[in-house]
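Undergrad: Pasted the sequence and its predicted model underneath.
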Amino acid sequence: MSLLNMVMLTDIFGGLKLTLTHAGRPADTVEYPERAKEPSERFRGMFKLDEERCIKCTLCAIECPINIIYIDWHSEKNEEGKSVKVLDRFDVDMKRCMFCGLCEDACPTNPKSIWLKTKTYELSTYERNEALYLDIVKLTSWDSNVKPFTPRPEK
Amino acid sequence: MSESILYYGVIPAIKAVVIVLVMATAAGVLTLFERRLLALLQVRKGPNRVGWEGSLQWVADTFKLLFKEDIVPAKADKVVHYLAPLFIIIPAMTVFAVLPWGPEVSFFGIKTPLYAMDVNIGLLFVLAVTTIGIYGVILAGWSSNSKYSLIGGLRSAAQLISYEVPMGFAVAAIIVMGQTLSLVEIIEAQKRMGLWFIFPGLVAFFLYFVSGVAETNRTPFDLPEAESELVAGFHTEYSGFKWSMFFLSEYANMVTVSAIATTLFFGGWLRPFPNVAFLSFLDFIPPIIWFLLKVSFFMFVYIWFRGTFPRYRFDQLMALGWKFLIPLSLGNIVLVAIAALWGKTGLTVLGTILTIAFAAGIFLAFRVPPKRLTVIEKSRPTEVPA
């Protein structure tokens, strides 16, 4: 039978048949600006910081392999007379970030106070030095600076 | 006197202008057709932003091409680099002079056939002129002073030599059947016999179309271009208007091969079964539409091939040409010549036998599922020693 298959070009005609049967199917394309697929659960996107949860341990800055996290803090007495740490500065130089996620791994709080699993990847800007250098105001009031990811389902 | 000026001067000039303009536009529309159809076959969308569902994409592409900078490599042979696109576009357009688009019609009381001229050696003319186009490819490859281009040009030359032979033999089988070289008379012969030449020429059609795809440098024989290996092959160093000449000629050649296949094997402008009376209601579709429908079908097959097959390796290409197509074409021409001794009867019998054999072969080949490869399973040890 293999001779007959060879003579009748079964593989050629079979291939042609296969593409033709695929022809009617709806396209798999997701047309990006209008629609967007939601990234996977462990996707590393834009930073987000919760100042309330942060214990100012600076472990994230220590762990960062390219040292793009800058943290300054000072002690203050609160109403009860206890000394608490207050953040002066929490900057992330996003334009150099490689999204390794080690800062998130290093964070000792539970839940994490700095995390990357925001799923936001729409980070293109016109001026990267300003827009991708995040200070504490930008990191915490995040929604007003960076558009949060909104899944846009297919039709 | 004014009659002869009208019939030998004005009308051919009008036809020439119309053919060139229509083909230049059709090549643009065909790019859109190709991209959308490929997208359909490959389960994606294709261009759908410019105009309604991308219908104006080809206009945008045309303007982009025409306004692009014309770059000539520093050490290129300037004159040949300039002439190569002309070498390829002029033959591609010249062939359209003899393609028979339709029978005689009358416009404003002037009776004229829907082709520029009926050359009595039309088929030879087509073979000869399309072959000149390869000079353009080779010269473009050589003059660019680029290794990619040169390899593309040389591959094209080798491919042409290999595939012109089976194509010539396939066409020779049709000449034997029709007893003429004129394209119009071949259609007339098919009408006289009431038999499309595809039936006795099934093998010839296969040979012709495969060689035609190879000669127009289309997938799966697009080795001279070979994006993944040679950037763009012979037209790597071209841009702008000159590049669009290559593009135009590629589509023009595709139309030529499709139109010749239609003329030789599928009865040109004839409706199906031209002598069967009870099918005469099909005559309400004018002959030129029949012709265009058939040509469109072959254009679709071209794109279908491109959406289906990967590219041949160069030695596979040569092996297919020399070891398979040429012996097959020689056998075919003997078979057809013997059948043609008995004229229409012989051709009908041959056509019937070939059609039945083909149908039975396809049926049997697809009834039994192709054997799976068992070599790997046999070589694998069944039990792992402890």
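TA: Good, I have the coordinates.
Undergrad: What is the burial count for residue 2?
TA: Assuming you mean chain A. 11 (other C-beta atoms under 10 Å in any protein chain shown). Where C-beta positions appear, they are placed from N, C-alpha and C, glycine not excepted.
Undergrad: My question was about chain B, not that one.
TA: For residue B:2, using other C-beta under 10 Å, the count is 8.
Undergrad: Just the pLDDT for it.
TA: Looking at residue B:2, its pLDDT reads 76.
Undergrad: How about residue B:174?
TA: 88.
Undergrad: right, and it touches residue B:267 too?
TA: No. Taking contacts as C-beta atoms under 8 Å, residue B:174 lies outside contact range of residue B:267: 11.9 Å.
Undergrad: how close does residue B:107 get to residue A:3?
TA: 56 Å (C-beta to C-beta, to the nearest Å).
Undergrad: Give me the distance from stretch A:66-75 to the chain's centre.
TA: 21 Å (C-alpha atoms, centre = their mean, to the nearest Å).
Undergrad: Give me the buried positions along that stretch.
TA: A:68, A:69, A:71, A:73 (16 or more other C-beta atoms under 10 Å in any protein chain shown).
Undergrad: Relative to chain B, which of those residues is nearest.
TA: Using C-beta to the nearest C-beta, residue A:68 comes nearest to chain B of the buried residues of stretch A:66-75, at 37.9 Å.
Undergrad: Quick check: which ranges of the stretch 101-250 of chain B have low pLDDT?
TA: Residue ranges of the stretch 101-250 of chain B with pLDDT under 70: B:109.
Undergrad: What are the boundaries of the helices in it?
TA: All helices of the stretch 101-250 of chain B, identified by DSSP state H, counting those that start in this stretch, fall at B:122-143, B:147-178, B:183-193, B:202-215, B:227-230, B:240-265.
Undergrad: now swap in chain A and tell me
TA: A:2-7, A:10-22, A:59-63, A:102-106, A:128-131, A:136-140, A:142-145 (DSSP state H).
Undergrad: Write out the residues of chain A neighbouring chain B.
TA: A:1-2, A:4-5, A:7-8, A:10-16, A:18-20, A:22-23, A:25-29, A:31 (C-beta under 8 Å from any C-beta of the partner chain).
Undergrad: can you rerun that using 10 Å?
TA: Counting by C-beta under 10 Å from any C-beta of the partner chain, chain A comes close to chain B at A:1-2, A:4-20, A:22-31.
Undergrad: returning to that earlier point: how about the buried residues of stretch A:66-75 in JSON lines, adding distance to residue A:129 and pLDDT?
TA: Below are the buried residues of stretch A:66-75 laid out as JSON lines (distance: C-beta to C-beta, whole Å; pLDDT from 0 to 100):
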{"residue": "A:68", "distance to residue A:129": "13", "pLDDT": "89"}
{"residue": "A:69", "distance to residue A:129": "17", "pLDDT": "89"}
{"residue": "A:71", "distance to residue A:129": "20", "pLDDT": "89"}
{"residue": "A:73", "distance to residue A:129": "25", "pLDDT": "87"}
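Undergrad: Give me the number of neighbouring residues for the nearest residue to residue A:95 once chain neighbours are set aside.
TA: If the residues on either side of it in the chain are set aside, residue A:95 comes closest to residue A:132, at 4.0 Å by C-beta to C-beta, 6 or more residues apart in numbering or on different chains. Number of residues near residue A:132 (other C-beta under 10 Å) recorded here: 19.
Undergrad: what do you get for the one 5 residues further on?
TA: Using other C-beta under 10 Å, residue A:137 has 11 other residues around it.
Undergrad: what about it, distance to residue B:51?
TA: 45 Å.
Undergrad: What of residue B:12?
TA: Distance check for residue B:12 against residue B:51: by C-beta to C-beta, it reads 36 Å.
Undergrad: same deal with residue B:332?
TA: From residue B:332 to residue B:51 the distance is 47 Å (C-beta to C-beta).
Undergrad: and the two? which has more neighbours close in?
TA: Shown here are residue B:332 and residue B:51; by other C-beta under 10 Å, residue B:332 has more neighbours (22 against 14).
Undergrad: Report the contact partners of that one.
TA: B:166, B:169, B:170, B:172, B:173, B:201, B:202, B:203, B:204, B:206, B:207, B:354 (C-beta atoms under 10 Å, 6 or more residues apart in numbering or on different chains).
Undergrad: The residue nearest to residue B:322 when sequence neighbours are not counted - how many residues pack around it?
TA: Leaving aside its sequence neighbours, residue B:322 sits nearest to residue B:162 (C-beta to C-beta, 6+ apart; 6.2 Å). The tally of other residues near residue B:162 (other C-beta under 10 Å) stands at 21.
Undergrad: Verify the stated contact: residue B:162 with residue B:168.
TA: No. Counting by C-beta atoms under 10 Å, residue B:162 stays clear of residue B:168, with 11.8 Å between them.
Undergrad: what touches both of these two?
TA: With contacts taken as C-beta under 10 Å, 6+ apart, the residues that reach both residue B:162 and residue B:168 are residue B:211.
Undergrad: Can you name the residue of the stretch 101-250 of chain B nearest chain A?
TA: Closest residue of the stretch 101-250 of chain B to chain A, C-beta to the nearest C-beta: residue B:206 (9.0 Å).
Undergrad: repeat for the stretch 201-350 of chain B
TA: residue B:308 (4.4 Å).
Undergrad: Find the residue closest to that residue in space, skipping its chain neighbours.
TA: residue A:19 (4.4 Å).
Undergrad: circling back to that earlier point, go through the contacts of residue B:332 and name the one nearest residue B:74.
TA: When the contacts of residue B:332 are compared for distance to residue B:74 (C-beta to C-beta), residue B:166 comes out closest, at 41.1 Å.
Undergrad: residues contacting that closest one?
TA: Per C-beta under 10 Å, 6+ apart, neighbours of residue B:166: B:204, B:206-208, B:210-211, B:214, B:320-322, B:324-330, B:332.
Undergrad: Just the buried ones from those?
TA: Buried among the contacts of residue B:166 (16+ other C-beta under 10 Å): B:204, B:206-208, B:210-211, B:214, B:320-321, B:325-326, B:328-329, B:332.
Undergrad: who touches the residue of the stretch 101-250 of chain B closest to chain A in this structure?
TA: Applying C-beta under 10 Å, 6+ apart, the residues near residue B:206 are A:9, B:166, B:170, B:265, B:325, B:328, B:329, B:332, B:358.
Undergrad: Read off the pLDDT value for the fifth one.
TA: I take that to be residue B:325. The model's pLDDT for residue B:325 equals 88.
Undergrad: Now distance to residue B:153 too, for the buried ones among the contacts of residue B:166, in a markdown table please.
TA: Below are the buried ones among the contacts of residue B:166 laid out as a markdown table (distance: C-beta to C-beta, whole Å):
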| residue | distance to residue B:153 |
| --- | --- |
| B:204 | 30 |
| B:206 | 28 |
| B:207 | 25 |
| B:208 | 25 |
| B:210 | 22 |
| B:211 | 20 |
| B:214 | 16 |
| B:320 | 21 |
| B:321 | 18 |
| B:325 | 23 |
| B:326 | 23 |
| B:328 | 28 |
| B:329 | 26 |
| B:332 | 31 |
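Undergrad: for the helices of the stretch 101-250 of chain B, which one sits closest to residue A:109?
TA: Of all those, helix B:227-230 sits nearest to residue A:109, with 50.7 Å by C-beta to C-beta.
Undergrad: And the contacts of that closest one?
TA: B:141, B:146-152, B:155, B:223-224, B:233, B:236, B:310-311, B:314.
Undergrad: one step back: run a quick check on the residue nearest to residue B:308 versus residue B:300, I expect a contact.
TA: No. No contact is recorded between residue A:19 and residue B:300 when judged using C-beta under 10 Å, the distance being 11.8 Å.
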